[in-house]
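>>> sequence unknown, structure follows:
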């Protein structure tokens, strides 16, 4: 009975020496764990907003948990890069560098912004349904189709951007 | 358009340059990220044998920052929001795959992006990545390519979705899957439609408008009567009506009486008509909602839908009750006053208009700051209330964990925010409104000054001056009113648009043009290649094939989320399959007459919903014409008769009324009675015995066994042991049926079912030992 219970409660951390992550030619994440090779694994951050490097659940294509990465930084460089690459896609959220315009029309906000991945226009639901504060200064902006944009620290935006954003936070 | 596919010219050129025949392309879809994650348009194109990836060419040397070239490209094929300094409008073929080597092309959704992936020689590869905006289009593309060779009608979809901007004004559609541009909805047509809702009220509405017209004209009289007529013509010994104080006062009294009577008449007609209009509107929205399919409800929250029925209808009520009269009265007054003033003294009138630009500036530039603060106050107050609400409803938890101080701290933070906003509002409005009054007073001062000078020099009579200032006071209000009308108009039209969106929604299951009448279903159920997803990119059921004979009992088993409940939703046609078909007695359920289908499929669900009303009404819900004897018989079969008879009001007990709360097991037995009464040929039991104690389960199990006799039954049960009696079990895993057989056969097979069963047995033992 003890074993059965342990199976449910113990956290199975992946050993950085045994678990070797790499990016496949096809652009996906694979895992060599001892003698088992998973040609495609999925990553799920337990705390995407507060601990992006820690507690990352690694799951197989059926959604079963293989194990947990306690801290990406414990892994060798090659694994680390592969993991971070996968995370970057999975939690893709361009950083908003500058706000060119926010128009409040018809119950929606029409945004025109410059991100670290280029210019972008998008539409969010009005206020509370589109802009979420994560911690003190970080904002997560989710558009109508579920794309995410991020402002790491809104107080570091330039004066004009901040003035445009201010009424909505 | 090339052949049947909508493809941008630049892409056609890129393909033709490589010697590819664009007429053979069967599908084309757009994505918006390059392999580095930068925004850049990518197209996927496919013919019968190949998949091509075309990308926008990046500039080697970005154009200088000063050049403003973004956003203005006219070719709709590109996502124009890209930075044209970095990319050109040229397209090149960047990759090419043989479809013979590719399989399982699909669109995978992640938290913040998506990827089109495929299996290439057993290795999964990423074909392209993109933001979620183009998900629907890419999904359709994958389906089209996977089903190439088979006949399918996806072309219309592509043509529609190739653009995510409003073609008229270039605004992004707020939701690319719902191509409505709030700016370009035709407001005049909408307005006419709103008016068209009310043909039977044409008479009263016209009368009302006439009354308003007359009453606003009458309201213009008093300043003239008490000013010019009384002072200049009556009190003045040289006036036209010198000395006739009595008659003049009498006329003044009469006009005010007429004005009073008119406003009473207007109010009475208005209240009657608007109440009826709102009644009709609510009825229209509600019946439209009943028509819509469940998928419509899945996408929206019930709360926001309830708001729609109530708020949007009420907004439109304002339109008739306040807005329209306000508009008419104010415009008539404004025009009337302007004419009168100009006629009395045009020079002075022009002076009166001096402060108007200032007032408009004030209304458009300064007041919005105040409204913003007001809406912030509203939000901070809501936040404060939710903290109070949380803390008080959860007071047991707060006390149990000794967190009173923490709660006070949480409260203080919110309270301080409310305080701050309140302060700002107070300060701002105590500056703004006196200022506004001052500006308005300025006009009066100008009139007094210039007019006074005119009077002194004998060019103007005192009464005229008094009349002038009287009208002046009446003029600023309509001006302020008319500036608000713009907002009010778009507000009402938005509500109207939302209402019509529901009324016009086609999101109901298409019922057949020529329904097949099937008053007596035998109960044979067949599924052929059924595929289903609630939302794009997340298939719930795939490759479902089975044949069930009339009267057979089928148990559906599998982990939660494996697709069992979805299967049942499809059999009872709460949703339509995405591809494949479900046949009852050999007829596609899409073709069976709605009444016949729902009359002969009975459901007992885990969550029993009882409507407000008596027990009798609830049992007879699906068959309102059932006799009392039938109802009692059904209740007896469902093992419900005894507990009903123990209630003081018997079958007339009103459910939900105080003191008459039923237990979970009792409700469940009422639901079974409901199904028994319907006497369906096909019976669906979805976790009908979950959440019920063992003893009651025994009673329900007995009831169900009675019910199952002679009907085709699909049953889902959490406890596998309850399905031992089933003729066959279908084992679901990840949306597919992986095993079929009787309980014993499947145990012997030592596959998925055996594992499921032994895990459950062990878990039961565990609770028995530990609990």
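Yep, that arrived. The structure displayed is predicted, hence computed values, not measured ones. Numbers count the residues shown, from 1 in each chain, chains lettered A, B, ... in the order given.
>>> For residue B:640, which non-adjacent residue is spatially closest?
residue B:669 (3.9 Å; C-beta to C-beta, 6 or more residues apart in numbering or on different chains). Where you see a C-beta, it was placed from the backbone N, CA and C, and this is true even at glycine.
>>> for the helix or strand containing that neighbour, which positions count as buried?
Using DSSP states H and E, residue B:669 sits within helix B:664-678. Buried residues in helix B:664-678, counted by 16 or more other C-beta atoms under 10 Å in any protein chain shown: B:665-678.
>>> Does residue B:53 lie in a helix or a strand, and which?
strand B:50-58.
>>> What helices and strands are in contact with that strand?
helix B:9-17, strand B:39-46, strand B:87-98, strand B:123-130 (3 or more C-beta pairs under 8 Å, 6 or more residues apart in numbering or on different chains; DSSP states H and E).
>>> what about these, which gets the closest to residue B:136?
Of all the helices and strands packed on strand B:50-58, strand B:123-130 sits nearest to residue B:136, with 11.7 Å by C-beta to C-beta.
>>> next structured bit after that closest one?
Sequence-wise, the next helix or strand downstream of strand B:123-130 (DSSP H and E) is helix B:135-146.
>>> okay, the helices and strands packed on strand B:50-58 in JSON lines with mean pLDDT next?
Formatted as JSON lines, the helices and strands packed on strand B:50-58 follow (pLDDT from 0 to 100):
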{"stretch": "helix B:9-17", "mean pLDDT": "84"}
{"stretch": "strand B:39-46", "mean pLDDT": "87"}
{"stretch": "strand B:87-98", "mean pLDDT": "82"}
{"stretch": "strand B:123-130", "mean pLDDT": "90"}
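>>> one step back: packing partners of the helix holding residue B:669?
Using 3+ C-beta pairs under 8 Å, 6+ apart: helix B:664-678 touches strand B:601-605, helix B:615-619, helix B:628-637, helix B:694-708.
>>> What average pLDDT does whatever helix or strand comes next after it get?
Sequence order places strand B:682-686 as the next helix or strand after helix B:664-678, per DSSP H and E. For strand B:682-686, mean pLDDT is 87.
>>> Tell me how far strand B:682-686 lies from the chain's centre.
31 Å (C-alpha atoms, centre = their mean, to the nearest Å).
>>> That one to helix B:694-708, inter-axis angle?
Angle, strand B:682-686 to helix B:694-708, by axes from the mean of the first three to the mean of the last three C-alpha atoms, to 10 degrees: 160 degrees.
>>> what does the helix holding residue B:669 rub up against?
B:599, B:602-605, B:608, B:610, B:615, B:618-623, B:626, B:630-631, B:634-635, B:637-640, B:643, B:662, B:683, B:688-689, B:691-693, B:696-697, B:699-700, B:703-704, B:706-707 (C-beta atoms under 8 Å, 6 or more residues apart in numbering or on different chains).
>>> Could you list the low-pLDDT ranges of the stretch 651-771 of chain B?
Residue ranges of the stretch 651-771 of chain B with pLDDT under 70: B:657-660, B:689-695, B:766-771.
>>> In the chain, which helix is the longest?
I went with chain A, as the question did not name one. helix A:77-90 (DSSP state H).
>>> Switch to chain B, please.
Chain B, longest helix under DSSP H: helix B:404-456.
>>> which residues of chain A fall in helices?
Counting by DSSP H, one finds helices in chain A at the ranges A:2-9, A:77-90, A:159-165.
>>> Could you look up the SS state of the residue in the stretch 551-700 of chain B that chain A sits nearest to?
Residue nearest to chain A within the stretch 551-700 of chain B: residue B:561 (9.2 Å; C-beta to the nearest C-beta). Secondary structure of residue B:561, reduced to three states by DSSP: H, G, I helix; E, B strand; the rest coil: coil.
>>> For the longest helix of chain B, name the packing helices and strands.
Where contact means 3+ C-beta pairs under 8 Å, 6+ apart, helix B:404-456 is packed against helix B:346-352, helix B:355-361, helix B:367-393, helix B:462-504.
>>> Next, name the residue at the spatial heart of chain A.
residue A:91 (2.9 Å; C-alpha atoms, centre = their mean).
>>> On the pLDDT front, check that one for me.
Looking at residue A:91, its pLDDT reads 92.
>>> Could I get the buried residue list for the longest strand seen in chain A?
Ranked by residue count, the top strand of chain A under DSSP state E comes out as strand A:96-105. Buried residues in strand A:96-105, counting neighbours by 16+ other C-beta under 10 Å, are found at A:96-97, A:99, A:102.
>>> One more: stretch A:130-143?
Buried, per 16+ other C-beta under 10 Å, within stretch A:130-143: A:130-131, A:139-143.
>>> And for stretch B:422-433?
Applying 16+ other C-beta under 10 Å to stretch B:422-433 flags no residue as buried.
>>> State the mean pLDDT of it.
88.
>>> roughly how far is that stretch from the heart of the chain?
Taking C-alpha atoms, centre = their mean, one finds stretch B:422-433 lying 36 Å from the centre of the chain it belongs to.
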